Structures are given as structure tokens and as C-alpha cells.
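Participant: coords please:
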Amino acid sequence: MEVAIAIAALGGLLWWAAYARWGSLWMGCGAFIALGYVLAPPLWTAHIGPIPLTVDRILLIGFGAAYIWKWRQGELALRHISPADWLLLAAIGYFTVRCAMTPTPPPDGSTVKPWWRLIAAFWIPAALYLAARTSNDGERRWRGMLWILAGLGGFLAFTAFAEITKQWWAVFPRYISDPLLGTHFGRARGPSLNSASLGIMLTVCFWAAWMLWPKLSRLAQGAVAGLLLAIAGGIFLTFTRSTWIGLAAGLAVVPALQLPKWRTALAIGVILGGAIGVVALGDKVTNLSRKDSDASAEHSVYQRASFVYVSMRMWRDAPLLGCGFGRYYDLKMPYLSDRSQQLELESLRNLDHHNTVLSILVETGIVGVTLFLALLVAWTRMAWQLYRAEDLPMWERSQGLFQLAVVLNYVSSALFHDLTLLPTEHWPLFLCAGVSSALLARRAETLTVTQPVPTAPWHALPASS
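Facilitator: Below you'll find the predicted structure:
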């Protein structure tokens, strides 16, 4: 066993040395997302010292070391710091200070400890943002990043079909087949053991494959079209409405911006026809196979109003700074005994929040939610600016559309789930924002360099002697 570990460590060191010397940060970030998502902690965790080692943490350490090496070699640069960069720094700084000021919850007072939640949901994604933001990668490596994400989508879609058909021999990682682990057993849930998480990641992979399609050969376009259908099928098999909405929102926007007018009308017609079909079929579609082993999905629909009511009561008592980062789970308890209304509140006792915006509002107050929403708005505006920049090559404008689709996907699920508890869903969001910010910074630098030197008007010139 020791020999195998030593060989694996030596191989990993050689791969790291090669990557640190010649590798791409954008492709490295894509590989980190793919490997970190699939090789999740339930697959392998080594308890060495106070901090358990997992695959994603080992990858992060190696990736960080490679980043420092590239920085010292002068390969990276932080150009033209934008308002979005300052907003990200302010938001993470505030969340960190708020977490430090918050008393530690009791042992059973949270499902995820506040500091772990802060690190996983904000610090690590911010590290991906920084890596992408300071990289000098170009089109070839951008397409390489998309291919990695598209490949992840194909793997996850295959796993989703295998789960639904109960072909457990084809499911990897194997722990997915254990009904006692995670939630949403009976639906496609993937390595994260959560259908919402799988649907969000599959949607990101769908748009990665979509952006690759235009510049491929006819044969490759056919293969990618099949991949897109498979990924869409995997998203459907999650039986999670929020992820369906996320994909539909992107399909309502991205093709309309990409296609000529007659094709846009056709695409909108197909989307509207599908929406009408869903409405007409009603429960035959929306309730299809949504019987989880713990019955959580069926009951969660009726709890949305309860979450809103309790959240508003908690926020009213701490409107500016909130009740404390990571403290919703235990500090909500006194509010569940309110009998002045007809809502069922007791069912929330063992549940985390189901809305990212409300969760941040309750825990960090109006200051925290304002910074968070302003950051999402800034990233959306940044994506739109990139797409509308007609002086840029088409691949850079496509990155703007990719980021726009990723933001729509994130927001659609954030309104129905607390995604700070599913930190892997922040990875592609922050990565896309970092890539777009880097491209806009390069454009700003180019415009500054090529801007003509203003000349004085003729009447201001000194008279010749």
C-alpha cells in the first residue's frame, strides 16, 4: 500500500511540475471543477491532523502552488481593477468579518459550520475568480476549458440515466447507490447526492457545449448536438423544477441573441410550445417521479411561504447586520412557535434555508444582501458588455453569453435553494466571472494604448514667429 501511495504521489508531483510550467489556468480551473465535483468527499477522505484531506482540497493546494509559481515567473497580471472586482472584495470581506463577529453555534446548531461554509462557498470560489482574472490565456485555452466542462456534462448525464434505470454497475462514484447517504434518492442526484446541485452543474455543462458548437466541423457538430440532448435529458431526470427553469431561462435568452431573426422566432416558438405543453400536462410532468426516499421534495413545495415568513420575522429583529453568518439553523427555533398565522412552521425545525437571497439577508442583514445582489448585477452587466463589444473576436463575445447563461442558471436555483450550502455551484459562477473580467480588462488596456493623443484646436496653437 505504501509503495502504491508513493508511486501515485510521484506521478502527481510530475504532473504538477508539468502543469506549473506549461499549463493553462483557465483549463486548470475547469479541471478542478470537474475532478472536485466527481471525486467528492464521500469517495475518499483521509483524516490526517485537524483538517481532513479530500481530493478537491489536494487539488486546490496543488493549484494554488502552481498559481504562485506562475505569478513569480511574471506570467500573470491584475489589470484594470473594475467595480465588480471591488464589489467581490467588499462582499467577501464583509462576510468574513461578519463570520468572525458571530458567536459559535451549539454543537447541533448547524449542519455546516460557519467558517467551513464561508471558506467553501466564498473563499475557494474567489480563488478561482482570481486565477481566471489574472490569466493571459487565449481562445485555444478558453475552448479547452469548455471542452473539459462539456466532458463533465457527458459523464454526469450518463450517470443520471444509469441512476434512474438503476444500472448501479455503471454508476460512479459507487456511493451514489446508497439510499442512506445524502438526499433525493430516487431522482438523478450525481456525486453531490443532491438533485438541485446536479441540475445546476449539468446546465453549466450544457452551455459550455453549446458555445463550442458553432466553430466545429459538421461531424463534430453532430456529436455535440447529441451531447446537448443527453445533458438536457440528465437535467430533466433530476426532477428539480428550479433547474428546469434555469435551463429554460437560458434557452429563452441565448438563442435569441445568437440567431438571425427568423431563427430566433422559431426558437421562441419551440420554447413557448414546450412551456404550453408543460402547463397542459400539469402534474403529469411536474410531479413525475418526485417521490424521494425521505418525502422531502413533496413537502418542500408547501414550505416556501413558511420560509419567507420566518425569514422576515428574523430580519425585522436584526435588519442591518443580520442574526449572524451561518446561524439561521439554530436561531430560527424561537420563531417556529408563532401561532398568529395559519402557516405550518414546525416543519422547518430540522431544515436549512431554501432561498439563497433570504438566507444572506437573514444572516448578514441589508448590508450583506446588498453587496451580494450588487455583485450579481455587476457580473450580469459585465457579461452584457462583453457580448455587445463588437470590436472583440467572436469567442470573447461568446464568453459573455456563456456567463449570462450561467448567471441565469444560478439565480433560478438560488431562489429555491440556499446555494451557500452547495458550494460547488459557486465554482463555475465565479470562474466565468473571472474569465469575463479578464477579457474586459484586456480590452480596456488595449483601448487605452490605442487611444489617439488629443490635439489642440487650430485657434489654440501658438502663432509662428
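Participant: state the distance from S437 to H80.
Facilitator: 9 Å (Cβ to Cβ, to the nearest Å). Backbone N, C-alpha and C define where each C-beta goes, glycine included.
Participant: the more surrounded of those two?
Facilitator: S437 (26 against 15; other Cβ atoms under 10 Å).
Participant: now do the buried residues in the helix or strand containing the more buried one.
Facilitator: Take DSSP states H and E as the rule and S437 turns out to sit in helix 426-450. If you call a residue buried by 16 or more other Cβ atoms under 10 Å, then helix 426-450 has these buried ones: 426-443.
Participant: and if you look at stretch 37-49?
Facilitator: Buried residues in stretch 37-49, counted by 16+ other Cβ under 10 Å: 37-40, 42.
Participant: equivalent analysis for stretch 176-195, please.
Facilitator: Neighbour-count burial for stretch 176-195 [16+ other Cβ under 10 Å]: 176, 182-195.
Participant: equivalent analysis for stretch 69-82, please.
Facilitator: Buried residues in stretch 69-82 (16+ other Cβ under 10 Å): 70, 76, 79, 82.
Participant: and if you look at stretch 310-322?
Facilitator: 310-311, 314-315, 318, 321-322.
Participant: average pLDDT across that stretch?
Facilitator: Per-residue pLDDT over stretch 310-322 has a mean of 93.
Participant: hmm, who's touching it?
Facilitator: 98, 323, 328, 331-332, 335-336, 338, 345, 348, 353, 355, 358-359, 361-368 (Cβ atoms under 8 Å, 6 or more residues apart in numbering).
Participant: now, of the residues you listed, which are buried?
Facilitator: For the contacts of stretch 310-322, buried by 16+ other Cβ under 10 Å: 98, 323, 328, 331-332, 335, 345, 348, 353, 355, 358-359, 361-365, 367-368.
Participant: in helices, which of the residues you listed appear?
Facilitator: 98, 328, 331, 358-359, 361-365, 367-368 (DSSP state H).
Participant: okay, these in a markdown table with distance to P125 and pLDDT next?
Facilitator: Putting these into a markdown table (distance: Cβ to Cβ, whole Å; pLDDT from 0 to 100) gives the following:
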| residue | distance to P125 | pLDDT |
| --- | --- | --- |
| R98 | 17 | 96 |
| Y328 | 20 | 93 |
| L331 | 26 | 90 |
| L358 | 20 | 95 |
| S359 | 16 | 95 |
| L361 | 20 | 96 |
| V362 | 21 | 96 |
| E363 | 18 | 95 |
| T364 | 17 | 96 |
| G365 | 22 | 96 |
| V367 | 20 | 97 |
| G368 | 16 | 96 |
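Participant: now, the most widely separated pair of these?
Facilitator: The span of these, defined through Cβ to Cβ, is set by L331 and V367 at 17.8 Å.
Participant: before we move on, back to that, L419: which of the ones in helices among the buried ones among the contacts of stretch 310-322 is nearest?
Facilitator: S359 (8.9 Å).
Participant: quick one on the thing from earlier: could you dump the ones in helices among the buried ones among the contacts of stretch 310-322 into JSON lines and include distance to A46?
Facilitator: Output for these, formatted as JSON lines (distance: Cβ to Cβ, whole Å):
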{"residue": "R98", "distance to A46": "32"}
{"residue": "Y328", "distance to A46": "31"}
{"residue": "L331", "distance to A46": "34"}
{"residue": "L358", "distance to A46": "37"}
{"residue": "S359", "distance to A46": "31"}
{"residue": "L361", "distance to A46": "38"}
{"residue": "V362", "distance to A46": "36"}
{"residue": "E363", "distance to A46": "32"}
{"residue": "T364", "distance to A46": "34"}
{"residue": "G365", "distance to A46": "39"}
{"residue": "V367", "distance to A46": "39"}
{"residue": "G368", "distance to A46": "35"}
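Participant: what is the nearest of those residues to N136?
Facilitator: After measuring those against N136 - Cβ to Cβ - the closest member comes out as G368, at 33.7 Å.
Participant: ok, and the closest non-adjacent residue to that closest one?
Facilitator: I360 (5.3 Å; Cβ to Cβ, 6 or more residues apart in numbering).
Participant: doesn't F372 make contact with that neighbour?
Facilitator: Yes. With contact defined as Cβ atoms under 8 Å, I360 and F372 form a contacting pair (5.2 Å).
Participant: which of those two has more residues huddled nearby?
Facilitator: Between I360 and F372, I360 has the larger neighbour count (other Cβ under 10 Å), namely 25 against 22.
Participant: quick revisit: could you list which of the buried residues of stretch 310-322 belong to helices?
Facilitator: 310-311, 314-315.
Participant: out of the residues you listed, which one sits closest to V224?
Facilitator: S311 (42.1 Å).
Participant: any idea how far that closest one is from N194?
Facilitator: Distance from S311 to N194, by Cβ to Cβ: 22 Å.
Participant: so for stretch 222-233, mean pLDDT?
Facilitator: pLDDT averaged over stretch 222-233 gives 95.
Participant: name the residues of it that are buried.
Facilitator: Buried residues in stretch 222-233 (16+ other Cβ under 10 Å): 224, 227-228, 230-232.
Participant: and F185, its phi and psi?
Facilitator: Main-chain dihedrals, F185, degrees, to the nearest 10: phi -60, psi 130.
Participant: how about W210, what does it touch?
Facilitator: Per Cβ under 8 Å, 6+ apart, neighbours of W210: 228, 254, 405.
Participant: any idea how far it is from L53?
Facilitator: 36 Å.
Participant: and if you look at A126?
Facilitator: 22 Å.
Participant: higher neighbour count, the two?
Facilitator: Using other Cβ under 10 Å, the more surrounded residue of A126 and L53 is A126, with 18 against 15.
Participant: sticking with the more buried one, tell me its helix or strand.
Facilitator: Going by DSSP H and E, A126 is in helix 124-134.
Participant: what angle do that helix and helix 426-450 make?
Facilitator: 30 degrees (axes from the mean of the first three to the mean of the last three Cα atoms, to 10 degrees).
Participant: helices or strands up against whatever helix or strand comes next after helix 124-134?
Facilitator: Counting by DSSP H and E, the element after helix 124-134 in chain order, helix or strand, is helix 139-164. Helix 139-164 sits against helix 25-38, helix 195-212, helix 218-237, helix 394-414, helix 426-450, with contacts defined as 3 or more Cβ pairs under 8 Å, 6 or more residues apart in numbering; DSSP states H and E.
Participant: quick one: closest of those helices to W115.
Facilitator: Closest among the helices and strands packed on helix 139-164, using Cβ to Cβ: helix 426-450, at 16.1 Å.
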